[in-house]
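Trainee: predicted model, plus sequence, below.
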Amino acid sequence: MLRPLALFLALALPVQAQEAPILAEYWTNNGSLPPEYAWETEVTIREDGALTLKHCKGYETEGPACKIRRARVVEAALDAIRAAARESGLAERPARETDMPVVGGGLTGGAVYLDGQQVRLLSQPVDADVARVSPVLQAIAAAIPRRFARFLDAD
């Protein structure tokens, strides 16, 4: 009796699609402001080109203050992210965080995952590492569809 019931339940449950591994993460915010003005956006780009953007207002992380958008990233943009991350040398020699962090204002950071290794993209690297981190962040930002620009800028 239990065997047919288990088989029935297994067939009745929806099959969940396996998500592709994450290629890149990108986040940005508009800094420390009163809750009515604060926002934060997180973007995840998967190896198969699936993009998820989560935009939250007022220091919330869930619920009605957050909106989720989805899109597809073209293969050329995925390749540009991979190339920028490889050319940066950050996998072999990670960026260092600045000793003099900027207080106030927005921040942007992220990560790229290459060959099982996380390449961290610091929001405030030392001056010597800015030239290595910035092109990778720019490649990720360029992959995000323009229609999502309103979720990435303070204006």
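Mentor: All right, it came through fine.
Trainee: the strands in the chain, which residues?
Mentor: 22-29, 39-46, 50-57, 66-72, 107-114, 117-121 (DSSP state E).
Trainee: from what I can see Arg46 touches Gln18, true?
Mentor: No. Counting by CB atoms under 8 Å, Arg46 does not reach Gln18; the two are 10.9 Å apart. C-beta: built from backbone N, CA, C; applies to glycine.
Trainee: if we can go back for a sec, in a markdown table, list the strands of the chain along with distance to Glu92.
Mentor: Shown next, in a markdown table, are these (distance: least, CB to CB, whole Å):
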| stretch | distance to Glu92 |
| --- | --- |
| strand 22-29 | 18 |
| strand 39-46 | 23 |
| strand 50-57 | 28 |
| strand 66-72 | 31 |
| strand 107-114 | 11 |
| strand 117-121 | 10 |
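Trainee: of all the ones you listed, which one is nearest Arg150?
Mentor: Evaluated over the strands of the chain, closeness to Arg150 peaks at strand 50-57, with 8.7 Å, by CB to CB.
Trainee: mind listing what's buried in the closest one?
Mentor: Ala50, Leu51, Leu53, Lys54, His55, Cys56 (16 or more other CB atoms under 10 Å).
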